[in-house]
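# whatever this is, show me its structure:
(one chain, ligands or ions: 1)
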Amino acid sequence: MSDPLSSPVTRRDFLSTSAKLGAFIAAAPYISRAAEGPKSDQLNVALIGCGEQGSILLNAALKIPDIRFKAVCDIWPYRRTYGERLLKKFSHEAKPYEDYREMLANTPDLDAVIIATPDFKHSEHTVAALKAGKHVYCEKLMSNTVEGARAMVLAARETKKLLQLGHQRRSNPRYQHAKDKIINGNRLLGRITNISGQWHRAVTDDFGFPAGQGLSEAKLNEYGFANMHEFRNWRWFKRYAGGPMSDLGAHQIDVYNWALGVNPRMCLASGGVDYYKTHEWYDNAIAIFEYPTKEGVVRATYEVLTTTSAGGGYHEYFMGDMGSLKISENPKYTKIYREARAPEWEPFAEKGIVAAPLSGEGAPPPVKPWEKVGVKKLGGPSKAVVDVRETAALSAWEIPVTLDKAIHQPHLENFFDAVRKGTPLNCPGESAFATAVTILKINESIAAQKMLTFQPGDFTA
Ligand SMILES: NC(=O)c1ccc[n+]([C@@H]2O[C@H](COP(=O)([O-])OP(=O)(O)OC[C@H]3O[C@@H](n4cnc5c(N)ncnc54)[C@H](O)[C@@H]3O)[C@@H](O)[C@H]2O)c1
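Numbering: from 1, shown residues only. This next block holds a predicted model:
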C-alpha cells in the first residue's frame, strides 16, 4: 500500500533511498524510455511534490506510453534530485524547480501537472496550474478546507481544464466490477442495509530525514512549515492536513459515496489524541453515517485506528439482505458472501460476475443440508428446533477480476485518456468535493462532540 503511514519511511529507510533507486531501475526493464521525438499523442507532464506518493505516481506514469516529463518541482532538494535522477535514467530531460510558479512560467508546453504535495498546498497548486492552462491530477484529500476544495472546482470550471483527484479505487477494475456488476447491476447483495469499513494499522514511528538534508528554518517558513518535524510529519498537524480520517478514511468513505450513489445525511464521530505524544490529529477515530438511498436508509460505520493492526487491515464491507461484499485495495481482504436465502449464484458465475466459492484456507466450514435453508437444528434428530438467526450458511465467493498493474496506474491512465480523447474522468473535482465535505465534517463532529447533519447543497461546489 502506498500511504506512507502504511509503509512508514523511517530515517534509516530514507538513507537507503538512493540505493533503492538504483535497484528499482535495474529491476524495471518494462518501463519505457521517453519517445525519441515528439509524437502527436505525446503529453508533456510535470510533477509538483516528489515525496513518497509523488515518486509512486512518477513510477506508475513512466509505464504509460507517450508521457514525457518536462519538469519536476519540489522545495526539498533531497526529493527533487531523486525525481530528476529517476527521470533522467529514462531519458526524460525534466528540469528541476524549487518554485512551482517559476516552473509553470518556464514550461509553457506542458499539457498536464500531477500534484502530490501536502494537502494544505493542493488548492494553491491546483488553481495556479489550471489558470496556467494545464490539466491537473491532484492527490487526495482534495484540500484540508472546504473553501480550498471549492476554489479548485471553480477554477476547473472557469478554465475548462480537467481536474482529477487521486481517489484511485474508482479506476481499479475490481472496484468497478464490484460497484457496477455486484452491488448495482445484478444487485447480488439485495437491499444494502449497512456498511462498515476500517483501516487498522500498528503504531508507527514519526518520519525522520537523512543527516545533513534538513531544510533551513527560513526555507521551511517560506513554504509554510514550522520545522523539519512538521515538514516530514505534516499529516499529523492541523494546519497542513486532516489527520488519519483524511489520510486513510478519505479513500474508503469515498467508496461508500461512490458505490451508493448518494452522500450521507448525518455523521457522528468520536476520536482523540489518546496515544501519540507528538501529534495534533486524532490517532483513533470512529464515525457513524446515515445514507438516504432510494431503497431506505443505509447505516454505515467507519473506523481508522493507528495504534493496532488487529482485525484484518483495511476494507469496506457492504452488507445486504442477500449477500455481503468485503472489498479492499489489497485483494487478500476481499470476499463476497451469499446469504442462504438468496437465489443461487451459479448463473452469475457462468457470466463471470462472481467466481466459484472459495475452497481451502479461508473457506467457510462445509454447509450441512439443513443449514442450506438458513436454519440451525438444535438437539438430536427427534427434537428438531430451528433457529432462523443462523448465519453460518453464508457461502464465500470471489471477484473474478484482478488488477495487474500498480494500483495508481489505471487512475492516471483514465486522466491521460480524458486529456487525449475526452473519456470521462473517474474522479472529477465535483465528486471529490463531496468526499472532502464528508471527511472534513467527521473531524468537525469529533471536535463538537455531537451529531452533525448535511444539507444536500453542502455537497455542491
Ligand atoms: N492516493 C494515495 O494512495 C496516496 C497515498 C499517499 C499519499 N497520498 C497523498 O499524496 C500527497 C503527498 O503525500 P506524501 O506521502 O508523498 O508526502 P511527502 O511528505 O512524502 O511528500 C510531499 C512532498 O511535497 C514537497 N513539498 C512540500 N511543499 C511543497 C511546495 N510548496 N512545493 C513543492 N513541493 C512541496 C515535500 O518536499 C515532499 O517531497 C498528500 O496529499 C497525500 O494525501 C495519496
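
# buried set for stretch 344-353?
For stretch 344-353, burial by neighbour count (16 or more other C-beta atoms under 10 Å) applies to 345, 348-349, 353. No exception for glycine: its C-beta is placed from N, CA and C like everyone else's.

# next step: those residues restricted to strands.
Members of those lying in strands (criterion: DSSP state E): none.

# just checking, which of those belong to helices?
Members of these lying in helices (criterion: DSSP state H): 348-349.

# need the buried residues of stretch 344-353 in a markdown table with pLDDT and distance to Ser55, can you?
Listed next are the buried residues of stretch 344-353 as a markdown table, based on pLDDT from 0 to 100; distance: C-beta to C-beta, whole Å:
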| residue | pLDDT | distance to Ser55 |
| --- | --- | --- |
| Trp345 | 93 | 42 |
| Phe348 | 96 | 40 |
| Ala349 | 94 | 40 |
| Ile353 | 96 | 37 |
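
# host element of Tyr317?
Assignment of secondary structure by DSSP states H and E places Tyr317 within strand 314-320.

# give me the number of residues near Ile195?
Ile195 has 25 neighbouring residues, counting by other C-beta atoms under 10 Å.

# that one: helix or strand, and which one exactly?
For Ile195, the host element (DSSP H and E) is strand 192-200.

# now do that strand against strand 314-320, angle only.
Angle, strand 192-200 to strand 314-320, by axes from the mean of the first three to the mean of the last three C-alpha atoms, to 10 degrees: 170 degrees.

# any part of strand 192-200 near the ligand?
No - applying C-beta under 6 Å from any ligand atom, one finds strand 192-200 out of contact with the ligand, separated by at least 11.6 Å.

# next, the residues that contact that strand from outside, please.
Residues outside strand 192-200 that contact it (C-beta atoms under 8 Å, 6 or more residues apart in numbering): 183, 244, 248-249, 252-253, 255-256, 260, 291, 293, 295-296, 298-305, 308-321.

# swap in stretch 72-80?
For stretch 72-80, contacts defined as C-beta under 8 Å, 6+ apart pick out 46-51, 54-55, 58, 83-84, 87, 94-100, 103, 209-210, 213, 215, 219, 223, 231.

# please list the residues of the chain that sit near the ligand.
2-4, 48-54, 73-76, 79, 100, 116-119, 121, 139-140, 166, 168, 223, 247.

# inside helices: which ones of the contacts of strand 192-200?
Under the assignment DSSP H, these contribute 244, 252-253, 255-256, 260 to helices.

# in contact with the closest residue to Trp281 other than its chain neighbours: list those residues for me.
Nearest residue to Trp281, sequence neighbours excluded (C-beta to C-beta, 6 or more residues apart in numbering): Gly243, at 2.8 Å. Applying C-beta under 8 Å, 6+ apart to Gly243 gives the contacts 235-236, 280-282, 285, 443.

# tell me, how many neighbours does the residue in the stretch 351-461 of the chain positioned nearest to the ligand end up with?
Across the stretch 351-461 of the chain, no residue is closer to the ligand than His408, which sits at 6.4 Å (C-beta to the nearest ligand atom). Using other C-beta under 10 Å, His408 has 21 neighbouring residues.

# quick check: it touching Gly166?
Yes - in this structure, His408 is within contact of Gly166 by C-beta atoms under 8 Å, at 7.5 Å.

# how about the CA coordinates for stretch 111-121, as PDB?
C-alpha atoms of stretch 111-121 as PDB (Å, rounded to 0.1, in the frame of the first residue of the first chain):
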ATOM      1  CA  ASP A 111      -0.200  19.700 -21.100                       C
ATOM      2  CA  ALA A 112      -0.800  18.400 -17.500                       C
ATOM      3  CA  VAL A 113       0.500  18.700 -14.000                       C
ATOM      4  CA  ILE A 114       0.500  16.000 -11.300                       C
ATOM      5  CA  ILE A 115       0.300  17.300  -7.800                       C
ATOM      6  CA  ALA A 116       1.400  15.300  -4.700                       C
ATOM      7  CA  THR A 117       2.200  18.000  -2.200                       C
ATOM      8  CA  PRO A 118       0.900  18.000   1.400                       C
ATOM      9  CA  ASP A 119      -2.900  18.600   1.500                       C
ATOM     10  CA  PHE A 120      -2.800  22.300   2.600                       C
ATOM     11  CA  LYS A 121      -1.000  23.200  -0.700                       C
END
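
# hmm, Cys267 and Lys450 touching each other?
No - checked against C-beta under 8 Å, the pair Lys450 and Cys267 is beyond contact range at 10.4 Å.

# pick out whichever of the two has more residues nearby.
Cys267 (23 against 10).

# pairing partners for the host helix or strand of that one, with directions?
Counting by DSSP H and E, the element that carries Cys267 is strand 266-272. Strand pairing for strand 266-272, determined by DSSP bridges: strand 284-293 (antiparallel), strand 452-453 (antiparallel).

# how about residues contacting it?
Residues outside strand 266-272 that contact it (C-beta under 8 Å, 6+ apart): 245, 282-290, 438, 441-443, 445-446, 449-454.

# quick one: buried ones out of these?
Buried, going by 16+ other C-beta under 10 Å: 245, 282-290, 438, 441-443, 445-446, 454, out of the contacts of strand 266-272.

# follow-up on the earlier one: among the residues of the chain next to the ligand, which are in helices?
52-54, 79, 100.

# and the residues you listed as a markdown table, adding pLDDT, neighbour count and distance to Gln198?
Below are those laid out as a markdown table (pLDDT from 0 to 100; neighbours: other C-beta atoms under 10 Å; distance: C-beta to C-beta, whole Å):
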| residue | pLDDT | neighbour count | distance to Gln198 |
| --- | --- | --- | --- |
| Glu52 | 98 | 19 | 23 |
| Gln53 | 98 | 19 | 22 |
| Gly54 | 98 | 23 | 27 |
| Arg79 | 98 | 20 | 31 |
| Tyr100 | 98 | 24 | 36 |
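
# domain assignment for the chain?
11-171+408-426, 173-406+436-459 (automatic domain parsing).

# what residue, apart from its backbone neighbours, is nearest the residue of the chain found nearest the ligand spatially?
Residue of the chain nearest the ligand, by C-beta to the nearest ligand atom: Gly51 (1.8 Å). The shortest distance from Gly51 to any non-neighbouring residue, by C-beta to C-beta, 6+ apart, is to Arg79 (5.5 Å).

# then Arg150?
Distance criterion C-beta to C-beta, 6+ apart; nearest residue to Arg150, sequence neighbours excluded, is Ala461 at 4.6 Å.

# Ser309 too?
Ala202 (4.1 Å).

# equivalent analysis for Ala342, please.
Nearest to Ala342 is Met322, by C-beta to C-beta, 6+ apart, at 4.0 Å.

# and the one you found, how many neighbours?
18.

# and what of Glu430?
Residues lying near Glu430 (other C-beta under 10 Å) number 16.

# need the buried ones from the contacts of stretch 72-80 selected in PyMOL.
Buried subset of these, written as a PyMOL selection, criterion 16+ other C-beta under 10 Å:
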select buried, resi 46+47+48+49+50+51+54+55+58+83+84+87+94+95+96+97+100+103+209+215+231
